[in-house]
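> any chance you could fold what I've pasted below:
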Amino acid sequence: MIRIFIMYNLNDGISLDDYKKWSSEIDKKIVMSQPGILSFDVHTIKGGIGKQPYQIVEIIEADSWEDWLRALETPEMIEGHKQWQRYCDESSLVVLYGEKL
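This next block holds a predicted model:
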């Protein structure tokens, strides 16, 4: 099992409430319907130490990185990504993955 960390900011003019509605009603259902995806949680960053470069962090658990890459190629995920681009600043996107120590 791996965890995938996806960090990004919202597009200018997008309200957090509108994003939350889309994320919970559309995005979560699309992601969780993919084979090999075990969990999907979205967090808004409220603060911390140092500069906060991201507004949103997604944490996804998957059977493998390869399962995640396959999921990204499905028609549902491709459509979901198009919708995601309306809400989120792709230039701020960072995707990392790893395993628990």
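
> quickly find the element holding the residue nearest in space to the middle of the chain.
By C-alpha atoms, centre = their mean, the chain has its centre lying nearest to Glu58, at 4.3 Å. Taking DSSP states H and E as the criterion, Glu58 maps to strand 56-62.

> now find how far off-centre that strand is within its chain.
Distance of strand 56-62 from the chain centroid (C-alpha atoms, centre = their mean, to the nearest Å) equals 6 Å.

> repeat for stretch 10-21
Using C-alpha atoms, centre = their mean, the offset of stretch 10-21 from its chain centre is 14 Å.

> quick one: residues in contact with stretch 47-66.
1-10, 16, 19, 31, 36-45, 68, 71, 88, 92, 94, 97 (C-beta atoms under 8 Å, 6 or more residues apart in numbering). For every residue, glycine as well, the C-beta is placed using N, CA and C.

> show me the helices in this protein, by range?
Using DSSP state H, the helices of the chain run over 16-22, 28-32, 65-72, 75-87.

> TSV for those, including mean pLDDT, mean neighbour count and distance to Gln52?
Shown next, in TSV, are these (pLDDT from 0 to 100; neighbours: other C-beta atoms under 10 Å; distance: least, C-beta to C-beta, whole Å):
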stretch	mean pLDDT	mean neighbour count	distance to Gln52
helix 16-22	97	14	14
helix 28-32	98	16	24
helix 65-72	98	15	26
helix 75-87	98	14	19
